[in-house]
Every structure is written in C-alpha cells, then in structure tokens.
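>>> here are the coordinates; sequence isn't available:
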C-alpha cells in the first residue's frame, strides 16, 4: 500500500488507543501517554481530546487528570463479536442443512 494515504495524526490516535489498552482500571495521565508514544505532552493532549470527542476515551471518574478507553470501543467490540457469533451460527446451520461447505 502506498504511504501517501497514511496520516500521521490518524496513526498517532490509533497508537494512543493501543497505549491506553490495559489501563482501564488506573488510566494514564497525558504526560504518561506522551512518553509511551514518544510525542510532546501538547500532542498527547490533542490526541486525548479527539479520542474523548469520538467516545474512544474518557476521563477517569476518580481522577479527571487521567484518561482511559471509552465506551465507543466497547460498543464496537460487542458489535463485532455479535456479528462473528451470528455468522458462525449461520455457517453451522448451513452445514446441518446442506452438508459440509468447502
């Protein structure tokens, strides 16, 4: 794939989502996220604000200076899991109705 379509800003946001993964219980401060992503604290703050706006991150209820993954990611994960489960059930039903499917 050509790099002409790769967005540094988008990649930074996706990397932040990965970096926040596993910190749902404790959250991360913007400075901690900046260190993990090797970016400035102001860049981390901008990424966090965009993730919060999209529902992919939220401030920790017990410490507004920390952020964690947000509900939009849970919704996406649940939706994907449901689609996979439904497709699997349909394939199993097809196998029962028509025999092995190659």
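Arrived safely, thanks for sending. Just so we're clear, the structure is a prediction, and the values are computed from it rather than from any experiment.

>>> close enough to count as contact, residue 57 and residue 70?
Yes: when contacts are counted by C-beta atoms under 8 Å, residue 57 is listed as touching residue 70 (4.7 Å). (C-beta placed from N, C-alpha, C; glycine too.)

>>> Common neighbours of these two, please.
residue 51 (C-beta atoms under 8 Å, 6 or more residues apart in numbering).

>>> Out of the two, name the residue with the larger neighbour count.
Counting neighbours by other C-beta atoms under 10 Å for residue 57 and for residue 70 shows that residue 57 has the greater number, 26 against 19.

>>> How much space separates that one from residue 37?
Separation of residue 57 from residue 37 (C-beta to C-beta, to the nearest Å) stands at 13 Å.

>>> Name all residues that sit in contact with these two at the same time.
By C-beta under 8 Å, 6+ apart, residue 57 and residue 37 have these common neighbours: residue 16.

>>> Could you report the neighbour count for the nearest residue to residue 66 once chain neighbours are set aside?
Excluding the flanking residues, the one nearest residue 66 by C-beta to C-beta, 6 or more residues apart in numbering is residue 27, at 3.2 Å. For residue 27, the neighbour count with other C-beta under 10 Å is 22.

>>> Done for today, thanks.
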